[in-house]
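>>> Just to be clear, the model below is a prediction. Sequence and coordinates:
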Amino acid sequence: MKKILLAASLAGLMTTTAMAQNVGVSMALFDDNFLTVLRNGIQAHADATGVSVQIEDAQNDVARQLDQINNFIASGVDAIIVNPVDTSATQAMSDAAAAGGVPLVYVNRQPINVDSLPDNQAFVASNEIESGTLAAFEACKLLRAAGKAGGARGYIIMGELSNQAAIQRTKDVDDVVGIDMCNFITIVDRQTSNWSRDTAQNLMTNWLSTGEPFDVVFANNDESAIGAIQAMKAAGMDMADVVVVGVDATQDALVAMQAGDLDATAFQNAAGQGSGALDAAVKLSKGEAVEQKVYIPFELVTPANIGDYLAKN
C-alpha cells in the first residue's frame, strides 16, 4: 500500500513539474517607477499561479534585449514576455522567437509589427489614444474653468521619441488642442525628457529661464510631470497658476496630486497589464488561443476620484 501511495505521490509530483510553465521576461528598464509596478505585477501573478518566471533587465539597450530573448530561447523557456526598449526594433525579436518556436507576448509598449505578429505572439497594453486624450482634454476643461478660454500657452514634455507611446500621447495632445473647444491653447515648445524626472526638471528649468509665460504643461508620463513641477516650485511658481497633467497614476504622482501640484493623470493598470501578459504567455505555451491585441482601458484620475486609485499602482 505504501508503494502505491509513494508511486501515486511521485506521479503527482512529476505531473505538477511537467505542467509548470517557465516564462522568460525581458524588461526595458528596472529603474523606472511604472515599469517596476508592471514587473511586480508579473511576479505576483506568477507566484499566485505557480508559474516560474525569470525576469531580466535590458537596461534600455536594444542589443542586450535581443540577446536576452535568444538566451531564453536557447534555455528552453515555454514562452517569453518582452517590454520593448525600442518599439521600432521588435521585428527581429518576433523573428527570433518564431524561428525558435517559442510564443512571445509584448507588454505595455506597442511593437511596430503589431499588425503582422505570428499566430503564437500577442500584445497586451492599454490603448494610448485614450491616455493622452483623457489628460489633455481635462487640462482643456480646467483652463476654460479658470477663465483662460481667450488664450492659453503650454509646453509638451515628450517621452522617448523611439517609443510608440510617446508618439501617440503627443499626437493625442495635438488632436485635443485642435478641436474647437480647446483650440485656444497654443503650444509654445515641445521637447523630450526620455521619460526621466531629472531630464524633465532640467528641461523646465531651461524653459523658465526664457521668461515665456505659460499656463499648462502636458507631460507624456507622470515622472516628467513631477520633474517639471519640481522645477516650477524651485523657481517659486504658485502651482495654482498652472495646469499640469501626466499619464500613469504612479504613487508619486498621486502624492503630488494630493499636494495640489498635479491636476490630472490617466491611470494605466500596470499590474493588470503584467498579469494579463503572463496569462497570455501561458495560454500560448499550451497552444490555447488568445486575442492578439488585449487592451486594458485607461482611466482619468483627478482630485475628485483619487481615493479610488491610491492603492492601485
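Happy to help now that I have it.
>>> got the contact list for Ile226?
Ile226 makes contact with Arg197, Ala200, Gly246, Asp252, Ala253, Ala256, Leu262 under the criterion Cβ atoms under 8 Å, 6 or more residues apart in numbering. Where you see a C-beta, it was placed from the backbone N, CA and C, and this is true even at glycine.
>>> can you do 6 Å?
Arg197, Asp252, Ala256 (Cβ atoms under 6 Å, 6 or more residues apart in numbering).
>>> Then Gly276?
Val124, Val294.
>>> helix/strand/coil for it?
helix (DSSP: H, G, I helix; E, B strand; the rest coil).
>>> Okay, it and Lys283: tell me how far apart.
11 Å (Cβ to Cβ, to the nearest Å).
>>> go on, Arg190?
Spatial separation of Arg190 from Lys283 under the definition Cβ to Cβ is 40 Å.
>>> Then Gly150?
The spacing between Gly150 and Lys283, counted by Cβ to Cβ, is 54 Å.
>>> same thing with Val255?
To Lys283, Val255 is 37 Å away according to Cβ to Cβ.
>>> The two: who's more crowded?
Ranked by neighbour count (other Cβ atoms under 10 Å), Val255 and Lys283 place Lys283 first, with 17 against 13.
>>> Phi and psi next, for that one.
Listed backbone geometry of Lys283 is phi -60, psi -40, with angles given as degrees, to the nearest 10.
>>> How about the one 10 residues further on?
Dihedral angles of Lys293 (phi, psi; degrees, to the nearest 10) stand at phi -130, psi 110.
>>> residues near it, how many?
Neighbour count for Lys293, taken as other Cβ under 10 Å: 15.
>>> Would you mind confirming that it makes contact with Val124?
No - applying Cβ atoms under 6 Å, one finds Lys293 not in contact with Val124, separated by 8.2 Å.
>>> Report the beta-bridge partner residues of Met158.
With DSSP bridges applied, Met158 shows beta-bridge pairing to Thr192.
>>> got a list of what it touches?
Residues in contact with Met158 (Cβ under 6 Å, 6+ apart) are Ala166, Thr170, Arg190, Thr192, Asn220.
>>> and the residues you listed, which of them are in strands?
Applying DSSP state E to the contacts of Met158, the entries found in strands are Arg190, Thr192.
>>> Could you pick out the buried ones from the contacts of Met158?
In terms of neighbour count (16 or more other Cβ atoms under 10 Å), the buried residues within the contacts of Met158 are Ala166, Thr170, Thr192, Asn220.
>>> how far away is the first one from Ser52?
So that's Ala166. Distance check for Ala166 against Ser52: by Cβ to Cβ, it reads 33 Å.
>>> So what does the residue lying closest to Phe123 once chain neighbours are set aside have for phi and psi?
With sequence-adjacent residues excluded and distances taken as Cβ to Cβ, 6 or more residues apart in numbering, Phe123 is closest to Tyr106, at 4.7 Å. In this entry, Tyr106 is assigned phi and psi values of phi -90, psi 140 (degrees, to the nearest 10).
>>> what about Tyr106, how many neighbours?
Tyr106: 27 neighbours (other Cβ under 10 Å).
>>> Show the pLDDT at it.
Per-residue confidence at Tyr106 stands at 98 (pLDDT).
>>> unless I'm mixing things up, it is touching Val82, no?
Yes - applying Cβ under 6 Å, one finds Tyr106 in contact with Val82, separated by 5.4 Å.
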